[in-house]
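Asks: from the sequence below, what's the structure:
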Amino acid sequence: MKNIRREVAIYIQLASLVIIWVSVLFASGVELKINWEALKKLPEVVSIYFLFQLLFTSWAWRLPIFQGWLVPFPDLQGTWAGTLHSTWPDPSTSRSAPPVPIIIVIRQSYSSISCVMHSKDSTSFSSAAQVLGEEDGLPLRLSFNYSNRPKASMREESQMHDGATILRIVKHPERVLEGDYWTDRKTTGDLQVLFRSRALTDRFSL
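Replies: Numbering: from 1, shown residues only. The predicted structure follows:
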């Protein structure tokens, strides 16, 4: 699927160059055939092409019309809210800790993505994140490694640690990220967050 989309992108790029070239020649009153006058318009054609490419990679790739067939990854940017269920035992009861309310803030551009997960007691920052495509019939997934930094007042109960998670991207009937995580403290768990807003927050707030 990824290779097919790459071929589609190449065809669209070539077609765009031809269309821009023809449009520039027409607007300039130059005869529509390959000659020296037409070739002299190539720098202008390339400049216009790169301007459109800049607009696409900066903004237009997010438009639904391009999603799925040309852009193989969804636009996930925004604030997601939900809960985390951990196998980590509560020191006071030796039982699994109760569900923890969390928010995940995703910042995404055409070429990069980062995730910050906030809870009442800690913040986790992604060190590497990527959207995994639908190869081999698998669903779209968001995968990221992270470093967790509890608040100073919580570090006796919860030490700093590293972890990773893979979340399935559900688009219908509502936008959901759900999946498992694991840490170097040998704990695991699962989490689920629902899309809340395009606005990006820098702190825990529910």
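Asks: every contact and neighbour count from this point should use C-alpha atoms.
Replies: OK.
Asks: neighbours of R203, how many?
Replies: Per other Cα atoms under 10 Å, the neighbour tally for R203 reads 15.
Asks: OK, contacts around it?
Replies: For R203, the contact set (Cα atoms under 8 Å, 6 or more residues apart in numbering) comprises H118.
Asks: do P99 as well
Replies: P99 neighbours (Cα under 8 Å, 6+ apart): T83, L84, H85, S86.
Asks: so the first one makes contact with I104?
Replies: No. Using Cα atoms under 8 Å, T83 is not in contact with I104; the gap is 10.1 Å.
Asks: between those two, which contacts overlap?
Replies: V193.
Asks: looking at those two, which one has more neighbours?
Replies: I104 (27 against 18).
Asks: what's the first helix or strand after the longest helix belonging to the chain?
Replies: What stands out as the longest helix in the chain, according to DSSP state H, is helix 2-28. Per DSSP states H and E, the first helix or strand lying C-terminal to helix 2-28 is helix 36-39.
Asks: for the protein, which spans come out with low pLDDT?
Replies: For the chain, residues meeting the criterion pLDDT under 70 lie at 1-5, 90-91, 135-136.
Asks: can you list the domains in it?
Replies: Using automatic domain parsing, the domains assigned to the chain come out as 2-66, 78-197.
Asks: which of those domains sits most buried?
Replies: Comparing the domains of the chain by mean neighbour count (mean count of other Cα atoms under 10 Å), domain 78-197 ranks first with a mean of 17.
Asks: straight-line length of that one, end to end?
Replies: 6 Å (Cα to Cα, to the nearest Å).
Asks: ok, now stretch 177-195?
Replies: First-to-last distance for stretch 177-195 - Cα to Cα - comes to 8 Å.
Asks: give me the contacts around stretch 132-148.
Replies: 1-2, 72-73, 115, 122-131, 160-170.
Asks: what's the answer for stretch 108-127, then?
Replies: Counting by Cα under 8 Å, 6+ apart, 57-58, 61, 75-77, 100-107, 128-130, 144-151, 154, 203-204 sit against stretch 108-127.
Asks: what two of the contacts of P99 are the furthest from one another?
Replies: T83 and S86 (9.9 Å; Cα to Cα).
Asks: name whatever forms a beta bridge with G163.
Replies: Under DSSP bridges, the beta-bridge partners of G163 are Y146, T183.
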